[in-house]
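>>> I need the structure of the sequence given here:
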Amino acid sequence: MKKRCFRILLALYLVCALVTQTSAATTVDALDELLGVDDLLHSDTLVAGDALSDWAALLVGRSGSPAHREDYLGRLQDEVSARYNETGGLDPLKATEWHRISLTVLALGGDPTCFGTDAAGSPIDLIADGTYNWHRTDSLGTQGLNGWIFALLTLDARDYPVPAGARFQREDMVEAILAAQEPDGGFGLAAGQSDVDMTAMALQALAPYQAQYEEAIDKALDYLSAVQTARGDFACWGTPGAESCAQVIIALCSLGIDPRTDSRFVKDGGSAWDGLLLYRTETGAFCHTLGDEANLLATEQAGLALCALERMGNGKGRLYDFSDMELQEAPYGGTAGKPALWCGLGLAAVLVCAAIFLIWKGKRKCTK
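Just a heads-up that it's a prediction; the model follows:
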């Protein structure tokens, strides 16, 4: 596991270097020789369906047009089908399992509304099952506010329509998020205490509704500005870390706010962007807290923040907005969907053999 995480870190370093256009040619060349980004989705370094691997694949996909994306999509489709066949879904409680996998599929150009098959042989719609038709628990928020937040983020990733009569409408998700706002303007995983990460994620989900809910969004921004440290970074539950900085940057970019220059997020020691860069190690990867070694989750989230900033700067839209992508149809590179293909080929082979036998039998009659 340690070796696998290290190899992912090396590959993601290249992604971060690519996005930020840093000049560390010799280091990049050395890492590329060991494991290039082009090999990451193809290799067994990433385990499809594992949270860390999915976020890494999402980052690679969001950073450009990755090679071998069909390989990861195929393995992920197989994993989704296997879980549905075994338990009828991806997780007994966590809706975010559907959301993370849906966003990963989209980042790699796949279609999450038709991704694998269930025990009955029906196509799996990850969007419907994980958002408006969620039925594993009574509420999308059973696991906490992040269930509502990522349901809305996923539903808006391609502005998916919600059918009449669905269990949850967009309005339900928006209202659930807004109802969780604390008096100080922040949001928390559970009621009673705001935290930076959940506030930033709530803002990411509310970004497409900025005009309708300007007051609530401004209150949340004021909260984040107030808790930013003097050196520019952010702390969650009392511990400053790269992940909190990354989530704030993604939120600001989603709202069209530049984390490098907006006066609300520039303190004496630096901006929100400077705060994230404090956690960049000598290798180019990011650490969780200052002084730590490079950390995979911190690097993944920092990489996504870099992508969000690059997208905002080039007018490409929000990090989780995939509406401009052309999706590839299944089957992908895995085994899902291939049994039918092999059955068809087998039937064709039988027919060919039968035809050959009949021709041979006819020729024998003619020679008698």
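
>>> which sections of this structure are below the confidence cut-off?
Along the chain, the parts satisfying pLDDT under 70 run over 1-38, 65, 334-368.

>>> could you measure from residue 218 over to residue 171?
Applying C-beta to C-beta, to the nearest Å, the value for residue 218 to residue 171 is 21 Å. The C-beta positions use only the backbone N, C-alpha and C, and glycine is treated the same way.

>>> higher neighbour count, the two?
Neighbours were tallied for residue 218 and for residue 171 using other C-beta atoms under 10 Å; the higher tally belongs to residue 218 (13 against 9).

>>> which stretch of helix or strand covers that one?
helix 214-227 (DSSP states H and E).

>>> for the next helix or strand after that helix, packing partners?
The first helix or strand that comes after helix 214-227 along the chain, using DSSP H and E, is strand 235-236. Contacts defined by 3 or more C-beta pairs under 8 Å, 6 or more residues apart in numbering; DSSP states H and E place strand 235-236 against helix 196-206, helix 242-254.

>>> in a markdown table, list the ones you listed along with distance to residue 230.
Compiled in a markdown table, the helices and strands packed on strand 235-236 are given as follows (distance: least, C-beta to C-beta, whole Å):
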| stretch | distance to residue 230 |
| --- | --- |
| helix 196-206 | 15 |
| helix 242-254 | 14 |
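
>>> residue 119: which of the ones you listed is closest?
Of all the helices and strands packed on strand 235-236, it is helix 196-206 that lies closest to residue 119, at 32.2 Å by C-beta to C-beta.

>>> just to revisit the earlier point, highest average neighbour count across the helices and strands packed on strand 235-236?
Each of the helices and strands packed on strand 235-236 was scored by mean neighbour count; the highest is helix 242-254, a mean of 28, by mean count of other C-beta atoms under 10 Å.

>>> now do it against helix 196-206, angle only.
20 degrees (axes from the mean of the first three to the mean of the last three C-alpha atoms, to 10 degrees).

>>> helices and strands around the helix or strand following helix 242-254, which ones?
Using DSSP H and E, the helix or strand that follows helix 242-254 towards the C-terminus is strand 266-267. Here strand 266-267 touches no other helix or strand, going by 3+ C-beta pairs under 8 Å, 6+ apart.

>>> can you list the strands that strand 266-267 pairs with?
Paired strands of strand 266-267, with direction, are strand 270-271 (antiparallel) (DSSP bridges).

>>> just the residues contacting the next helix or strand along the chain from the strand it pairs with, thanks.
Under the assignment DSSP H and E, the closest C-terminal helix or strand after strand 270-271 is helix 272-277. Counting contacts by C-beta atoms under 8 Å, 6 or more residues apart in numbering, the residues outside helix 272-277 that touch it are 228-229, 231-234, 242, 245-246, 248-249, 252, 259-260, 265-266, 286, 302, 305, 309.

>>> mind running it again at 10 Å?
With contact meaning C-beta atoms under 10 Å, 6 or more residues apart in numbering, helix 272-277 is reached by 20, 224-225, 228-234, 240, 242-246, 248-249, 251-252, 257-262, 264-267, 269-271, 286, 298, 301-302, 305-306, 309.

>>> same check, this time on stretch 214-223
Contact with stretch 214-223 is made by 174, 177-178, 181-187, 194, 196, 199-200, 202-203, 206-207, 209-211, 213, 248, 251-252, 255, 257, 262, 264-265, as judged by C-beta under 10 Å, 6+ apart.

>>> could you turn the buried ones of those residues into a ChimeraX selection?
In ChimeraX, this line selects whichever of those come out buried by 16 or more other C-beta atoms under 10 Å:
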select :174,177,178,181,182,185,186,187,194,196,199,200,202,203,206,207,209,213,248,251,252,255,257,262,264,265
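
>>> quick revisit: C-alpha coordinates for the helix holding residue 218, PDB please?
Extracted C-alpha coordinates of helix 214-227, given in PDB (Å, rounded to 0.1, in the frame of the first residue of the first chain):
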ATOM      1  CA  GLU A 214     -26.200  35.900  -2.800                       C
ATOM      2  CA  GLU A 215     -26.800  36.700   0.900                       C
ATOM      3  CA  ALA A 216     -26.100  33.200   2.100                       C
ATOM      4  CA  ILE A 217     -23.000  32.900  -0.100                       C
ATOM      5  CA  ASP A 218     -21.700  36.300   1.100                       C
ATOM      6  CA  LYS A 219     -22.100  35.200   4.700                       C
ATOM      7  CA  ALA A 220     -20.200  32.000   4.100                       C
ATOM      8  CA  LEU A 221     -17.400  34.000   2.400                       C
ATOM      9  CA  ASP A 222     -17.200  36.400   5.300                       C
ATOM     10  CA  TYR A 223     -16.800  33.400   7.600                       C
ATOM     11  CA  LEU A 224     -14.000  32.000   5.500                       C
ATOM     12  CA  SER A 225     -12.300  35.400   5.400                       C
ATOM     13  CA  ALA A 226     -12.600  35.800   9.200                       C
ATOM     14  CA  VAL A 227     -11.000  32.400  10.000                       C
END
